[in-house]
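**Q** here is a sequence together with a model predicted from it:
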Amino acid sequence: SIIVKDKTGINVVKADLYSVTSWRKGVFSFDNLPLENIMKVLARWYDVDVVFVDSNLKEERFTGVLRKNQNIEDILNSIQTTNNMAYVINNKTIIFK
């Protein structure tokens, strides 16, 4: 279990140990996370900006394990195959439509 502080207060939640330790294995592990949260992680890792033209896409969910040594386009293609979304990369900005 881990302790999580959010808007509702402090809660104890069950931890997915694989997700918590996956960074040590060279992978991103996402378990039913909103695309907005996933893109925050990827934006930091790949040093890119992210824009959501369609704000509904922020709530699209994804579950999967992706290798950190892949390029950002391969990562996005993996996410895109399981979600109904389109994106373009313009320099260092990823735009979801």
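**A** Yep, that arrived.
**Q** helix or strand with the lowest mean pLDDT in the protein?
**A** When the helices and strands of the chain are scored by mean pLDDT, DSSP states H and E, helix 17-21 comes last with a mean of 47.
**Q** and after that one, which helix or strand comes next?
**A** Once helix 17-21 ends, the next helix or strand along the chain (criterion: DSSP states H and E) is strand 27-34.
**Q** mind listing what's buried along that following strand?
**A** The neighbour-count check on strand 27-34 (16 or more other C-beta atoms under 10 Å) flags 27-30, 33 as buried. Any C-beta I mention is one placed from the backbone N, CA and C, and that applies to glycine too.
**Q** and stretch 78-89, by the same measure?
**A** The neighbour-count check on stretch 78-89 (16+ other C-beta under 10 Å) flags 79, 85, 87 as buried.
**Q** ok, residues contacting that stretch?
**A** Residues outside stretch 78-89 that contact it (C-beta atoms under 8 Å, 6 or more residues apart in numbering): 35, 38, 48, 57, 60-62, 64, 66, 70, 72-73, 76, 94-97.
**Q** among these, which ones are in strands?
**A** Under the assignment DSSP state E, the contacts of stretch 78-89 contribute 61-62, 64, 66, 94-96 to strands.
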